Structure formats: structure tokens, C-alpha cells
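A.B. asks: Sequence and predicted structure below; questions after.
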Amino acid sequence: MTPLKAIRAKCLNCTGGEYKSVRKCEIEDCVLYNFRLGTGRPKLKIIRMYCLDCCNGQKAEVKACTVKRCSLYPYRLGKRPLKGVSTQKTMPAEAVLEINSDNMTKCIDWNIYL
Ligand code: SF4
Ligand code: SF4
């Protein structure tokens with residue numbers, strides 16, 4: 001899942017899956033706001049900022065986040081989980097991801113590395 005799709009999935013999660021509510025979101029100061037419709041080129045630091053907000057500004061809490069079902073999880077540190085490897089376009093938003101001891105992100109549902 002690309003960062004943009006991860007943001008889109010997060011916004012849908014935020015609204016309980018309501019596309020219309022994402023479009024009509026009035027929280028303009030949310031860092032994801034400009035990308036909520038799945039358009040644009042978000043920098044990874046945007047996701048990092050959102051995760052810091054989610055964890056009350058605590059960097060250690062973002063790093064220790066255990067919510068692997070969150071679509072932003074792979075990007076929560078403001079870095080790509082792996083360079084040069086494209087991810088599956090059709091991966092479900094709620095795919096279960098885990099990072100192994102080699103710092104590789106694996107989709108548990110599909111048993112593939114991203
Ligand atoms: S922009 Fe922020 S507040 Fe609005 S739907 Fe997305 S995550 Fe929720
Ligand atoms: S990845 Fe973790 S810290 Fe970031 S938004 Fe999701 S639950 Fe919060």
C-alpha cells in the first residue's frame with residue numbers, strides 16, 4: 001500500500017468507512033486533510049506527524065505502536081519500510097502487517113513481504 005492509499009484508508013477508518021464523510025471532513029487542521037480523497041503527493045513526514053499526534057507527541061510511543069492493522073503503521077516512523085519494492089495495489093486496507101527482526105514488513109494475510 002502506498003503512503004497515499006494508506007492515508008485514504010486511515011481517513012475511511014476515521015469515518016467508519018463513510019466515503020461521503022471523508023469528503024465532507026471539516027477537520028482542516030488534520031495533517032491528512034489535503035490527502036484524504038486519495039489525491040496528491042504526501043511526504044512521509046505527514047504520516048509521521050499524524051502518528052505523533054495519535055501518540056500525544058511521544059516519539060517512543062509511535063515507535064512502540066502495536067496497532068499493526070492501522071494503515072499508517074508501516075510509515076509511522078516517517079520512512080519507507082523498504083526501498084525499491086512495490087507493494088500490492090489490491091492489498092486490503094485492514095491487512096495485518098508485522099515487522100520482523102530484519103526490519104522487513106510482512107503482510108500476514110497474504111504471506112508476502114512488502
Ligand atoms: S482528514 Fe483527518 S479528521 Fe478528516 S477524515 Fe482524514 S483522518 Fe479523519
Ligand atoms: S500507526 Fe499507530 S501511532 Fe500511527 S496512527 Fe496508527 S495507531 Fe496511531
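C.D. replies: Noted; the coordinates are in hand. Numbering: from 1, shown residues only. Ligands and ions are numbered 1, 2, ... in the order given.
A.B. asks: Run through the residues that contact Ile15.
C.D. replies: Just so we're on the same page, residue 15 is Thr rather than Ile. Contacts for Thr15 (Cβ atoms under 8 Å, 6 or more residues apart in numbering) come out as 21-22, 25. The way it works is simple: take the backbone N, C-alpha and C, and place the C-beta from them, glycine included.
A.B. asks: State the distance from it to Pro81.
C.D. replies: Computed as Cβ to Cβ, to the nearest Å, the Thr15 to Pro81 distance reads 26 Å.
A.B. asks: What of Ala64?
C.D. replies: From Ala64 across to Pro81, the span is 16 Å (Cβ to Cβ).
A.B. asks: more crowded one of those two?
C.D. replies: Shown here are Ala64 and Pro81; by other Cβ atoms under 10 Å, Pro81 has more neighbours (19 against 9).
A.B. asks: how would you label that one: helix, strand or coil?
C.D. replies: coil (DSSP: H, G, I helix; E, B strand; the rest coil).
A.B. asks: pLDDT score assigned to it?
C.D. replies: Looking at Pro81, its pLDDT is 79.
A.B. asks: got it, and the one 3 residues further on?
C.D. replies: What the model reports as pLDDT for Gly84 is 50.
A.B. asks: okay, now the nearest residue to Ile7 once chain neighbours are set aside: neighbour count?
C.D. replies: Spatial nearest neighbour of Ile7, excluding adjacent residues (Cβ to Cβ, 6 or more residues apart in numbering): Phe35 at 4.7 Å. Other residues near Phe35 come to 22 when the count uses other Cβ under 10 Å.
A.B. asks: Tell me the spacing between Phe35 and Ala9.
C.D. replies: 11 Å.
A.B. asks: rewinding a little: so among the contacts of Thr15, which ones count as buried?
C.D. replies: The neighbour-count criterion (16 or more other Cβ atoms under 10 Å) marks 22, 25 among those as buried.
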